[in-house]
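S.K.: predicted coordinates and the sequence they were generated for:
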Amino acid sequence: MSTHINDLASAGSVQSAVYPNTYGSAFNGSTLDMISSDGPCFAVQHVGAFEESNTWTGRVEQSADGSSWSAISGAAFAAVTAANNVQVIRFERTARYVRYAASLTGSTAELGLAVVIGALKKTF
């Protein structure tokens, strides 16, 4: 058993990029300020109910100023085509701000979604 993080609440910064709700089209999640964290990040995408015959694709983007966004290499989730899908990814950011962004292929569909993004807090 790994003991790298013994107290996630104190050692980690975990923020909601997308609060649990029902979504029906492509969108960009909340802008998250990662100034208090350092090093590798992780993101958890949790899809609940989903209208099949569509494809949901989520990714994490970064920005130095919170307004101009670019994709982060290796920070994309696998495409979702069925309900009840949980994925975790690890990525390295090079900018202060991050956000979750999603696209939908197919007709407008409703899906249940929540996304959290986290990293270890800076140590001084």
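M.R.: Received, thanks.
S.K.: against A78, how distant is V86?
M.R.: Between V86 and A78 the computed distance is 11 Å (CB to CB, to the nearest Å). The way it works is simple: take the backbone N, C-alpha and C, and place the C-beta from them, glycine included.
S.K.: spell out, range by range, the helices that occur in the protein.
M.R.: Assigned by DSSP state H, the helices in the chain fall at 8-11.
S.K.: what about it, any weak spots by pLDDT?
M.R.: Applying pLDDT under 70 to the chain flags the ranges 1-5, 8, 108, 124.
S.K.: from the contact counts, what lies against the strand ranked longest in the chain?
M.R.: Counting residues, the longest strand in the chain under DSSP state E turns out to be strand 37-50. Packed against strand 37-50 by the contact rule (3 or more CB pairs under 8 Å, 6 or more residues apart in numbering; DSSP states H and E) you find strand 12-23, strand 55-63, strand 85-91, strand 97-105, strand 111-121.
S.K.: go again with 6 Å.
M.R.: Applying 3 or more CB pairs under 6 Å, 6 or more residues apart in numbering; DSSP states H and E, one finds that strand 37-50 makes contact with strand 85-91, strand 111-121.
S.K.: great, nothing more from me.
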